[in-house]
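**Student:** for reference, the sequence and a predicted model appear below.
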Amino acid sequence: MSLLAKKQSITEFAANRIMARINELAAISESSHCLTRRFASVEHRRANDLVATWMRAAGMSVREDAIGNIVGRYEALDSDSAPAIMMGSHLDTVINAGRYDGMLGLLSALACVESLYESEHRLPYAVEVIGFADEEGVRYQSTYLGSRAVTGHFDTAVLERVDENGVSFSDALQNFGSDVRDIPKAQRKPEDIHAYLELHIEQGPVLENKDQAVGVVSSIAGATRLIVKLTGLAGHAGTVPMNMRRDALVAAAHCVTLIESYCSGQQGLVGTVGWMEAKPGAGNVIAGDVEFSVDIRAASNDLRGERVQTVVNEITTLCQQRNIVVEIDFVHEAESVDCDQGIMQCMQEAMSLHGISALTLPSGAGHDAAAMAALTKIGMLFVRCKGGISHHPDEFTSRDDAVAGANVLMQTLINICKVPA
Ligand SMILES: [Zn+2]
């Protein structure tokens, strides 16, 4: 066994396999027309089994935990009980998904281990590759089922839920080959995991805009989601004079523009109204009831909290002025998570060794890494995706960019281990 050179890349062989495997996994779908692979489905089983064969071929011992995460372990240089650097991403998809979201992170991590195995190298840390069972939450409207089970923060509320076909969570898991009572066993000890690294497609346009293949993530944005219900008075579109109306839809329209203005002009702060329903919903009737969603995210918890409060106050004032009754429900709250400074440094050095200029950016989307931060220090790499398109069949990352990302991940792994040249 030779010492590792200071500069490391994945092997050409491993690089070739990333793209081939992206396509192999994308073919495992509940639908023949598009890619859909939900938690604990037959397709999830097939995906896990396929990934397990790849892991074994890369010299890893493989196990599946009670929530359905598939985990491969490549032992350290001189101990079978060394703490692990864990790398991975999720294997579930949204409905009609792209093929890179989640999968690229898992396959890049696997390529790193394959390269170590093929060149007969081991590191001072074990390397674990994990394919999380559920990140998208499509089947049971959950958040981070897989990674939260690993951190011991599994949300037991999900145990009461049924899917759209009436299948309970515990039945789904049983059909998959597991038992809900064993979920606590999926929890890992902090002392056994040295760090968690996740490579993910950016799912946004920043890297493409900067003509950059890879970027280092600085933080994962916190998010607040609200449902706003406005109650005015429905009426005839022809007979109620404009100055006598209590039009809930006009009030909602003003709310949308005020959310845009209060969530603009600060880096990392975004606000979105992505869903709205007006009732009774006829072209010749004034809308008496409107419901809409508000999603506000920021890298800073303080900034997010302050803007959410401002938006809530302004909506309340606006509705009072228009004689509209307003009810605001907080339906989701997630704190922002900072990536580890030391890992970010290792990633930046990895990028410069591979001739990629340093670029850090916040993540506006949530990722398994955000959940894993409850267990260990985290680092994330983003890889450019075409047009920033994601959660859509047009999602695309080029082979060159995928290889650049995997090389930076490999180098980061080496830098964290500080293997002497
Ligand atoms: Zn994802």
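**Tutor:** Perfect, I can see it now. Numbers count the residues shown, from 1 in each chain.
**Student:** quick check: residue 107 vs residue 312, distance?
**Tutor:** Residue 107 sits 43 Å away from residue 312, going by C-beta to C-beta, to the nearest Å. The C-beta positions use only the backbone N, C-alpha and C, and glycine is treated the same way.
**Student:** out of these two, name the residue with the larger neighbour count.
**Tutor:** residue 107 (29 against 17; other C-beta atoms under 10 Å).
**Student:** from residue 337, how far out is the residue in the stretch 301-421 of the chain that the ion sits nearest to?
**Tutor:** Relative to the ion, the nearest point of the stretch 301-421 of the chain is residue 367 (6.1 Å; C-beta to the ion). Note on residue 367: its distance to residue 337, by C-beta to C-beta, is 9 Å.
**Student:** who touches both of these two?
**Tutor:** Residues within reach of residue 367 and of residue 337 at once, by C-beta atoms under 8 Å, 6 or more residues apart in numbering, are residue 220.
**Student:** find the nearest non-adjacent residue to residue 56, please.
**Tutor:** Nearest in space to residue 56, with sequence neighbours left out and distances taken as C-beta to C-beta, 6 or more residues apart in numbering, is residue 62 at 5.7 Å.
**Student:** would you say the one you found is within a helix?
**Tutor:** No: Residue 62 is assigned strand when assessed by DSSP: H, G, I helix; E, B strand; the rest coil, not a helix.
**Student:** identify the residues contacting it.
**Tutor:** Counted by C-beta under 8 Å, 6+ apart, residue 62 has contacts 52, 55-56, 70-73.
**Student:** name the SS class of residue 378, please.
**Tutor:** Under three-state DSSP, residue 378 comes out as strand.
**Student:** what about it, neighbour count?
**Tutor:** Number of residues near residue 378 (other C-beta under 10 Å) recorded here: 25.
**Student:** please verify my assumption that it contacts residue 193.
**Tutor:** No: with contact defined as C-beta atoms under 8 Å, residue 378 does not count as touching residue 193 (10.3 Å).
**Student:** and whichever strand or helix holds residue 194, what does it pack onto?
**Tutor:** Using DSSP states H and E, residue 194 sits in strand 193-201. Strand 193-201 is packed against strand 84-90, helix 103-118, helix 368-372, strand 377-383, helix 399-417, with contacts defined by 3 or more C-beta pairs under 8 Å, 6 or more residues apart in numbering; DSSP states H and E.
**Student:** could I get the ones you listed as TSV with distance to residue 246 and mean pLDDT?
**Tutor:** Formatted as TSV, the helices and strands packed on strand 193-201 follow (distance: least, C-beta to C-beta, whole Å; pLDDT from 0 to 100):
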stretch	distance to residue 246	mean pLDDT
strand 84-90	46	98
helix 103-118	50	97
helix 368-372	41	97
strand 377-383	46	98
helix 399-417	53	96
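**Student:** could you dump these to TSV with distance to residue 189?
**Tutor:** Shown next, in TSV, are those (distance: least, C-beta to C-beta, whole Å):
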stretch	distance to residue 189
strand 84-90	11
helix 103-118	21
helix 368-372	14
strand 377-383	15
helix 399-417	19
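**Student:** and residue 11, which of the ones you listed is closest to it?
**Tutor:** Of all these, helix 103-118 sits nearest to residue 11, with 4.7 Å by C-beta to C-beta.
**Student:** for the closest one, buried residues please.
**Tutor:** Neighbour counts using 16 or more other C-beta atoms under 10 Å place 103-117 of helix 103-118 among the buried residues.
**Student:** repeat for stretch 354-369
**Tutor:** So for stretch 354-369, counting by 16+ other C-beta under 10 Å, buried means 354, 356, 359, 361-369.
**Student:** one more: stretch 163-174?
**Tutor:** Neighbour counts over stretch 163-174 (16+ other C-beta under 10 Å) mark 163, 167, 169, 172-173 as buried.
**Student:** what's the end-to-end length of that stretch?
**Tutor:** From its first residue to its last, stretch 163-174 covers 14 Å (C-alpha to C-alpha, to the nearest Å).
**Student:** repeat that for stretch 374-385.
**Tutor:** The first residue of stretch 374-385 is 28 Å away from its last residue (C-alpha to C-alpha).
**Student:** so what pLDDT did the residue of the stretch 151-300 of the chain found nearest the ion get?
**Tutor:** Residue of the stretch 151-300 of the chain nearest the ion, by C-beta to the ion: residue 200 (5.8 Å). We have a pLDDT of 98 for residue 200.
**Student:** report the contact partners of it.
**Tutor:** Contacts of residue 200 (C-beta under 8 Å, 6+ apart): 89, 101-102, 104-105, 367, 380-383.
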